[in-house]
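Asker: here's my sequence, what's the structure:
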Amino acid sequence: MKLLSLVVPCYNEEETIDIFFSKVLEYAPRIDAELEFCFVDDGSEDRTLEVLRALADKDPRVHYLSFSRNFGKEAALLAGLEMSTGDFIVTMDVDLQDPPSLLPEMWGYLTTGDEPYDCVATRRTSRAGEPVLRSFFARRFYKLINRISDTEILDGARDYRMMSRAVVDAIINDREYNRFSKGIFSWVGFRTKWISYENVERSAGKTSWSFWQLFKYAMEGILAYSTAPLYFSSAIGIVICFLALIALIVIVVRAILFGDPVNGWPSMMSVMTFLGGIILFCLGIIGLYLSKIYLETKKRQIYIVRERR
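Answerer: Next up, the predicted model:
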């Protein structure tokens, strides 16, 4: 019988783990495979690790890793994929916003038919229950990144997906330090089936993602899968130089024909301040890319395991 590994990152999820485990087991009989649970405790500050220990004592199908500190969801996903041993692997959130009810359908697309899919991915068709501001910026992010990147990421795409071992091996072999899973999933390719579903509220607890964290995550995606900001800053520089040249010609001609009765220091200071702001903006973009290169060249560990079982 085939083995299906469930990779589940956890950060301060003591209230949701048991609910998640019970819910998945409700749909297990409809999946013709043995299950392996691969939980990753991302340096939680609550009782998440204690709950995982108790669950592992109770059920031999449960395995877990616990990080030495909070390394982030991307590191947890990678650790879970590396930990998994299944023929097929599914990545999903523990808060049940990734509905376990879809698991049998996803399994069917991967294992039946003359030419099964390599991957079954999911996307949300609505953002009901989310803050309006967060939903607005999320939609703008997907539109922006698909305009400036060659790697397509569908609006509402989730990390909830079931994959064959070949797909997972390709993802694991991508050893970049600055990881953006939605981009990596798309970049590796393979034959993918998309399933849509309505947004689901958390089963318990509160999300650990703040607006600022989501903004930084979006920036990671843009910097990882597009060089458009560099082209944009270069284009701004060319336009400013062209405008400055025209302004210089106008000033020289005016001085020759009419003299220069006005000192002009306020306008000069305004122009210098504007140009200084543009320069700093462009340097900031370049600096972000350089920081990513710096982190990649240091070859730091993506995560450190404190406890495993």
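Asker: all helices for the stretch 51-200 of the chain, in order.
Answerer: Under the criterion DSSP state H, counting those that start in this stretch, the stretch 51-200 of the chain contains helices at 73-83, 103-111, 132-148, 165-173, 181-187.
Asker: would you map out the domains in this protein?
Answerer: The record's domain split for the chain, according to automatic domain parsing, is 3-210+302-308, 228-298.
Asker: lowest-confidence stretch among the ones you listed?
Answerer: Least confidently modelled of the domains of the chain is domain 228-298, at a mean of 67 by mean pLDDT.
Asker: can you give me the neighbour number for the residue lying closest to residue 92 once chain neighbours are set aside?
Answerer: Nearest residue to residue 92, sequence neighbours excluded (Cβ to Cβ, 6 or more residues apart in numbering): residue 98, at 4.0 Å. For glycine as for every other residue, the C-beta is placed from the backbone atoms N, C-alpha and C. Residue 98 has 22 neighbouring residues, counting by other Cβ atoms under 10 Å.
Asker: what of residue 84?
Answerer: There are 25 residues near residue 84, going by other Cβ under 10 Å.
Asker: tally of neighbours for the residue nearest to it when sequence neighbours are not counted?
Answerer: Nearest residue to residue 84, sequence neighbours excluded (Cβ to Cβ, 6+ apart): residue 5, at 3.6 Å. Burial of residue 5 is recorded as 28 neighbouring residues (other Cβ under 10 Å).
Asker: residue 287 now?
Answerer: Taking other Cβ under 10 Å as the definition, residue 287 ends up with a neighbour count of 12.
Asker: continuing past whichever strand or helix holds it, what's the next helix or strand?
Answerer: Using DSSP states H and E, residue 287 maps to helix 265-298. Past helix 265-298, further along toward the C-terminus, the next helix or strand under DSSP H and E is strand 305-308.
Asker: which elements pack onto that next one?
Answerer: strand 62-67 (3 or more Cβ pairs under 8 Å, 6 or more residues apart in numbering; DSSP states H and E).
Asker: just checking, what packs against the strand it packs on?
Answerer: Packing contacts for strand 62-67, counted by 3+ Cβ pairs under 8 Å, 6+ apart, involve strand 34-41, helix 48-58, helix 73-83, strand 305-308.
Asker: list the helices and strands the third one packs on?
Answerer: In terms of contacts (3+ Cβ pairs under 8 Å, 6+ apart), helix 73-83 is packed against strand 3-10, strand 34-41, strand 62-67, strand 88-91, helix 165-173.
Asker: wouldn't residue 19 be in contact with residue 55 here?
Answerer: No. Counting by Cβ atoms under 8 Å, residue 19 sits too far from residue 55 to count as a contact (11.7 Å).
Asker: now residue 10: how far from residue 33?
Answerer: Taken as Cβ to Cβ, to the nearest Å, the spacing of residue 10 relative to residue 33 amounts to 23 Å.
Asker: when those two are compared, which one has more neighbours?
Answerer: Shown here are residue 10 and residue 33; by other Cβ under 10 Å, residue 10 has more neighbours (27 against 16).
Asker: hey, what's that one bridged with?
Answerer: residue 41 (DSSP bridges).
Asker: and the nearest residue to residue 47 once chain neighbours are set aside, which of the three is it?
Answerer: Sequence neighbours aside, residue 14 is the residue nearest to residue 47 in space, at 4.2 Å (criterion: Cβ to Cβ, 6+ apart). Per DSSP: H, G, I helix; E, B strand; the rest coil, the local secondary structure of residue 14 is coil.
Asker: turn the helices and strands packed on helix 73-83 into TSV, columns for distance to residue 236.
Answerer: What follows is these, written out as TSV (distance: least, Cβ to Cβ, whole Å):
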stretch	distance to residue 236
strand 3-10	39
strand 34-41	42
strand 62-67	41
strand 88-91	39
helix 165-173	36
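Asker: wait, which of those is closest to residue 290?
Answerer: Proximity of those to residue 290 was assessed by Cβ to Cβ; the nearest stretch is helix 165-173, lying at 25.6 Å.
Asker: so what does that closest one touch, helix or strand wise?
Answerer: By contact count (3+ Cβ pairs under 8 Å, 6+ apart), the secondary structure elements abutting helix 165-173 are helix 73-83, strand 88-91, helix 181-187.
Asker: looking at the ones you listed, which is closest to residue 49?
Answerer: Shortest distance between residue 49 and the helices and strands packed on helix 165-173, using Cβ to Cβ, is found for helix 73-83: 13.3 Å.
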